[in-house]
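Asks: Quick one, what's the 3D model for this:
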Amino acid sequence: MIENQTPTIECKSCNRKLHFPKLDVKSIKYCPYCSARINQSIEDIREKIRTSVSSYVNIFGRDFVINTIKGIEISKPFDAKASIINGFFEDPRDGELYKTVCIDGTEWLAENFRFRCKGSLILSDNQSNLKTKGRLYTYEAAMKYAPPGWRLPTPSEWETLIQFAKDNTGNATNSLMHKDSWDCTESVEPTDDFGFGIYAAGYADDLDDDIYIENDSYSELSGFWADNSLDSNASTPVGINSYFIDDTGWKRYYKSKDYSLCVRLVRQ
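Replies: Numbering: from 1, shown residues only. This is a model prediction of the structure:
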């Protein structure tokens, strides 16, 4: 005679083996301890939400707050199946080592370029900014001094990167920002899903005046050059494509070629 076996499952949180005789175990995912902890966490979140929105309900009314919450875009979990390949590149001219990342078939420098050359400067002339924020370059320097096998990205490549980040995470801003930067901008929560690691590195205008102040949310931004050579839509002969990121998202501008911006490169 074969004895009936007691149904067994494994808790999806703590991996405990659980035995539930006379129960349908298909609907059971957690042990009693983990279930209680998860339920309490959910209730804690609900209470925080109730507390945070109650003042707005008093001011604007319940229906307005509910409709506003429904309209908020929630970031989707990052798609782990997306094609992300990490690597390294050593600039043969100075031995500088850079992290790289291949995103959706295009290989990018995963750090700001920092080759020392004419037409480049260090943010606030502070050497401590060099490793994380790289150098700022005029457009001509950015075009001229890329290492062999690399070049400035085109506007189309920037647009493709931004759209890919949005499609896979729901947020093309947070997902491309480095987690250790943007300290003063409360409206963003950097997740750096792709290892692209953008720091708040500012820029310099055509008079080489830095547009970045430490611990100032109004200047937490980064500007990047794009290859203008194929764009016939520049507003003026000196208007060069650039992409800026801050707490409000990405923006495309035509900047004077004498501005100094960050540089990311793509593999040719």
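
Asks: Show me the residue at the heart of the protein, geometrically.
Replies: In the chain, the C-alpha nearest the mean C-alpha coordinate belongs to Leu176, at 1.7 Å (Cα atoms, centre = their mean).

Asks: Leaving out the residues flanking it, which one is nearest to that one?
Replies: The spatially closest residue to Leu176, leaving aside those adjacent along the chain, is Phe196, at 4.7 Å (Cβ to Cβ, 6 or more residues apart in numbering). C-beta coordinates here come from the backbone N, C-alpha and C atoms, glycine included.

Asks: how much space is there between that neighbour and Met143?
Replies: Phe196 sits 22 Å away from Met143, going by Cβ to Cβ, to the nearest Å.

Asks: what about the residue nearest to Phe164 when sequence neighbours are not counted, distance to Ser242?
Replies: By the measure of Cβ to Cβ, 6+ apart, the closest residue to Phe164 outside its immediate chain neighbours is Asp104, 4.7 Å from it. The span separating Asp104 from Ser242 equals 22 Å under the rule Cβ to Cβ.

Asks: Over to Phe88?
Replies: Using Cβ to Cβ, Phe88 is found at 27 Å from Ser242.

Asks: what are the ranges of the helices in the chain?
Replies: Under the criterion DSSP state H, the chain contains helices at 32-60, 62-70, 130-133, 139-144, 155-169.

Asks: buried ones in stretch 260-268?
Replies: Neighbour-count burial for stretch 260-268, counted by 16 or more other Cβ atoms under 10 Å, picks out 260-266.

Asks: actually stretch 121-133, not the one I typed
Replies: When neighbours are counted by 16+ other Cβ under 10 Å, the buried residues of stretch 121-133 are found to be 121-123, 129, 132-133.

Asks: Most widely separated two among those?
Replies: Leu121 and Thr132 (15.5 Å; Cβ to Cβ).

Asks: the more surrounded of Asp104 and Ser242?
Replies: Relative neighbour count places Ser242 above the other of Asp104 and Ser242, with 23 against 15, counting by other Cβ atoms under 10 Å.

Asks: Enumerate every residue touching the spatially closest residue to Asn86 that is not a sequence neighbour.
Replies: When the adjacent residues along the chain are set aside, Asn86 lies closest to Val101, with 5.5 Å between them (Cβ to Cβ, 6+ apart). The neighbours of Val101, taking Cβ atoms under 8 Å, 6 or more residues apart in numbering as the test, are 84-87, 107-108, 110, 194-196.

Asks: Strands of this protein, start to end?
Replies: When secondary structure is read from DSSP state E, the chain shows strands at 8-10, 17-19, 84-90, 97-103, 106-109, 120-122, 135-137, 150-151, 222-225, 239-246, 249-256, 266-267.

Asks: Quick one: closest of those to Ala165.
Replies: The minimum distance between Ala165 and the strands of the chain falls on strand 97-103, with 8.1 Å, by Cβ to Cβ.

Asks: I'd like the buried residues of stretch 121-133 as JSON lines, with distance to Arg62 appended.
Replies: Rendered in JSON lines, the data for the buried residues of stretch 121-133 read as follows (distance: Cβ to Cβ, whole Å):
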{"residue": "Leu121", "distance to Arg62": "54"}
{"residue": "Ile122", "distance to Arg62": "53"}
{"residue": "Leu123", "distance to Arg62": "47"}
{"residue": "Asn129", "distance to Arg62": "48"}
{"residue": "Thr132", "distance to Arg62": "45"}
{"residue": "Lys133", "distance to Arg62": "46"}
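
Asks: re earlier: the contacts of Val101 into a markdown table, with extra columns for neighbour count and pLDDT?
Replies: Formatted as a markdown table, the contacts of Val101 follow (neighbours: other Cβ atoms under 10 Å; pLDDT from 0 to 100):
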| residue | neighbour count | pLDDT |
| --- | --- | --- |
| Ile84 | 17 | 86 |
| Ile85 | 11 | 88 |
| Asn86 | 11 | 90 |
| Gly87 | 12 | 93 |
| Glu107 | 18 | 95 |
| Trp108 | 22 | 97 |
| Ala110 | 23 | 97 |
| Phe194 | 23 | 94 |
| Gly195 | 16 | 94 |
| Phe196 | 21 | 96 |
